[in-house]
Every structure is written in structure tokens, then in C-alpha cells.
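*Asks:* Fold the following, please.
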Amino acid sequence: MILNTGEICRRIFDESDEDRKISITPTPDEETFRQQSGASVDLHLGRWFRTMRQSNVLVLEIGTKKTETGFSKEHFVPFEKEFFLHPGKFALGMTLEWISLPGDLAGHITGKSSLGRRGLVIETAAGIHPGYAGCLTLELANVGEIPIALRPGIKIFQVFFHTTKGKNNSAASQFKGSRKPELGSTGY
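*Replies:* Sure, this is the predicted structure:
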């Protein structure tokens with residue numbers, strides 16, 4: 001079952017049930033959040049990005065033990081600056097917020113339609129496991145015809161929360177605790 005605004009508010013702002021709390025840092029403004037209707041929480045673009053480097057390697061082999069060190073570059077963008085994502089390019093970004101889910105909730109993210117209509121694809125791995133804690137990695141692609149200026153702090157996507165059967169206290173994600181975008185292993 002997807003949580004509605006009232007249940008999300010209870011899980012974020014009510015201090016009485018720590019085991020079922022959704023923790024978001026920085027915490028959304030309670031009054032503003034309660035005035036909106038819907039079943040999601042907007043999260044903001046952070047300041048860390050990772051891009052793939054142009055290389056003389058003919059192919060990036062997925063599913064091998066070969067190292068991918070040197071294939072990517074990390075970028076830090078201050079709040080008053082912009083990160084430009086050019087047409088046909090891909091970058092990893094991070095949320096500004098650190099999020100922690102209790103063991104009985106999972107989440108899924110979806111990009112803001114206003115950004116998608118401008119050619120920005122936000123994610124391909126849209127699930128958040130129960131018990132996850134960390135900043136969320138965004139897979140950003142510009143499928144449009146002109147560069148997109150991304151400013152840290154903009155609302156970038158929304159999270160929908162849903163209950164799970166049973167309880168899982170700890171997510172087994174390789175990205176748990178992330179603060180910067182990482183490529184991660186391919187699991188092979």
C-alpha cells in the first residue's frame with residue numbers, strides 16, 4: 001500500500017515511534033508539506049556528480065572483474081553554480097537529502113514530469129530497499145537537443161513510500177551510506 005500525505009507526515013514528523021520513522025535530513029518543512037496533497041516527498045539535487053571519461057578503450061565490459069578505475073570523473077558543484085548536462089550525455093548525481101527508511105517501508109522514485117518534458121531522464125534504478133540509509137544516486141541522461149543546466153538544490157524527483165510484508169531491518173545494498181555517486185560493482 002502506498003502511503004498518503006497523512007501517513008507520510010506521521011512517519012516523518014511524529015517522534016513517538018522511532019522504529020517506523022522515515023528520516024530525511026534536512027527535514028522538509030512540516031507546514032508546507034502538510035499543505036500539499038499527494039502521496040510523495042520531493043527531494044533535491046545535491047552537489048556531487050560523476051561523469052564517464054572519454055577513453056581510448058573500445059568497450060566497457062560489464063560483468064567482468066576488470067577494474068573501471070579511471071573511467072569516471074567526480075565533480076563538486078557549489079549551490080550558486082550549475083552542472084551542464086549536454087545532449088546525449090549521462091552523469092550520476094546525488095540527492096541533497098540523506099534518507100533512512102524503517103524495515104517495514106520501501107520506496108520508489110520517479111522524475112519530475114516538468115524536467116522530463118525538457119529531456120531530462122532522472123533514474124533507471126528506481127527502488128529503495130527497506131532499511132536503506134544514505135543519499136540517493138540519480139542516473140541523469142539528457143535525451144533532448146540542448147544542454148540542460150542543473151542547479152544543486154532544485155527539486156529533482158519524488159519518492160513514493162509503500163509498506164512491505166514482514167520486516168527487514170537492514171538493506172543489503174552496496175550503496176548504503178553513500179554520500180557521493182559511485183559506479184558500484186556489476187554483481188557478476
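*Asks:* Helices of the chain, start to end?
*Replies:* Counting by DSSP state H, residue ranges of the helices within the chain are 5-13, 30-35, 113-116.
*Asks:* so what's the residue nearest the centre of the chain closest to, chain neighbours aside?
*Replies:* Of all residues in the chain, the one closest to the mean position by C-alpha atoms, centre = their mean is residue 136, 3.2 Å from it. In this structure, residue 136 finds its nearest non-sequential neighbour in residue 95, 4.5 Å apart by C-beta to C-beta, 6 or more residues apart in numbering. C-beta: built from backbone N, CA, C; applies to glycine.
*Asks:* Tell me how far that neighbour lies from residue 181.
*Replies:* 10 Å (C-beta to C-beta, to the nearest Å).
*Asks:* repeat for residue 161
*Replies:* Counting by C-beta to C-beta - residue 161 and residue 181 are separated by 23 Å.
*Asks:* By mean pLDDT, point me to the weakest helix or strand of the protein.
*Replies:* Of all the helices and strands that make up the chain, helix 30-35 has the lowest average by mean pLDDT, DSSP states H and E, namely a mean of 84.
*Asks:* Do you have the strands of this structure handy? List them.
*Replies:* 23-25, 41-52, 72-76, 83-85, 90-100, 105-111, 120-121, 127-128, 133-142, 148-150, 155-163 (DSSP state E).
*Asks:* want to throw those strands into CSV with mean pLDDT?
*Replies:* What follows is the strands of the chain, written out as CSV (pLDDT from 0 to 100):
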stretch, mean pLDDT
strand 23-25, 94
strand 41-52, 93
strand 72-76, 90
strand 83-85, 97
strand 90-100, 94
strand 105-111, 92
strand 120-121, 94
strand 127-128, 90
strand 133-142, 93
strand 148-150, 96
strand 155-163, 93
